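Q: Got a sequence here, can you build the structure:
(2 chains)
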Amino acid sequence: DQQVKQNSPSLSVQEGRISILNCDYTNSMFDYFLWYKKYPAEGPTFLISISSIKDKNEDGRFTVFLNKSAKHLSLHIVPSQPGDSAVYFCAASARGGGADGLTFGKGTHLIIQP
Amino acid sequence: ETGVTQTPRHLVMGMTNKKSLKCEQHLGHNAMYWYKQSAKKPLELMFVYSLEERVENNSVPSRFSPECPNSSHLFLHLHTLQPEDSALYLCASSQDQASGDNEQFFGPGTRLTVL
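A: Purely as a prediction, here's the structure:
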């Protein structure tokens, strides 16, 4: 039973437009959420995170929104650039801090069209 | 070297072989992790070490044996593996703070093929 779900295996967006990647979770104990980006033949790279006490976190072109009542988070990338083409993973943790393994979604392959 | 490194990057082994995967982090972190990524599946947590002590074992078969000799190094010893164990094995580390952000930093992974 998947606790973190990314229902879109792929997403195609035109360069310069906004990319919106979605993630749903089922475990109400999750209190820390992260987005990772992965290129082929490389490990995942941390992008941005949000704790459950916030509903928005922004870092440059990347913004993560958290809707706890809906158990939903999203990653917005604006404007989208060709280098953003990669697989994006949503991840969640059930502890507020400290060593804790992450639960990952299956990923969404974002393709930025020139 | 910076960040998290893993060796070897690729490994092919028979079911009767014994091999080890190595991970080293140069970030001064206190926690280290092993994950497995199989085809068409999300990353799955295998083991968690905090300050060289194993704090989580996610129902992993005993043919996978982790070792953490110090906070910078993590090994995964493999023996009598099965073909379905073929996957990308990723190591990660984090600061292991009691509060605050604890993002994990990943190595490039070892692509393992079991024949």
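Q: do the lowest-mean-pLDDT helix or strand in chain B and chain A meet at all?
A: Of all helical and strand segments in chain B, the minimum by mean pLDDT, DSSP states H and E falls on strand B:53-57, at a mean of 79. Yes: Strand B:53-57 is in contact with chain A by C-beta under 8 Å from any C-beta of the partner chain, via B:55-56. For the C-beta atoms, the positions are set from N, CA and C on the backbone; glycine is no exception.
Q: residues near A:S28, how many?
A: Neighbours of A:S28 under the rule other C-beta atoms under 10 Å in any protein chain shown: 10.
Q: Which residue comes closest to it once chain neighbours are left out?
A: Excluding the flanking residues, the one nearest A:S28 by C-beta to C-beta, 6 or more residues apart in numbering or on different chains is A:K71, at 7.2 Å.
Q: I'd assumed A:T26 was in contact with that neighbour.
A: Yes: using C-beta atoms under 8 Å, A:K71 makes contact with A:T26 at a distance of 6.6 Å.
Q: These two: which is more packed in?
A: When A:K71 and A:T26 are compared on other C-beta under 10 Å, the one with more neighbours turns out to be A:K71, at 17 against 12.
Q: So which residues of chain A form helices?
A: Ranges of helices within chain A: none, based on DSSP state H.
Q: That one: strands as residue ranges?
A: A:4-5, A:10-14, A:19-25, A:32-38, A:45-51, A:56-59, A:62-67, A:72-77, A:86-93, A:103-104, A:108-113 (DSSP state E).
Q: repeat for chain B
A: B:4-7, B:10-13, B:18-25, B:31-37, B:44-50, B:53-57, B:64-70, B:73-79, B:87-94, B:105-106, B:110-114.
Q: JSON lines please, covering the ones you listed and showing mean neighbour count.
A: Listed next are the strands of chain B as JSON lines, based on neighbours: other C-beta atoms under 10 Å in any protein chain shown:
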{"stretch": "strand B:4-7", "mean neighbour count": "18"}
{"stretch": "strand B:10-13", "mean neighbour count": "14"}
{"stretch": "strand B:18-25", "mean neighbour count": "19"}
{"stretch": "strand B:31-37", "mean neighbour count": "24"}
{"stretch": "strand B:44-50", "mean neighbour count": "21"}
{"stretch": "strand B:53-57", "mean neighbour count": "13"}
{"stretch": "strand B:64-70", "mean neighbour count": "15"}
{"stretch": "strand B:73-79", "mean neighbour count": "18"}
{"stretch": "strand B:87-94", "mean neighbour count": "24"}
{"stretch": "strand B:105-106", "mean neighbour count": "20"}
{"stretch": "strand B:110-114", "mean neighbour count": "18"}
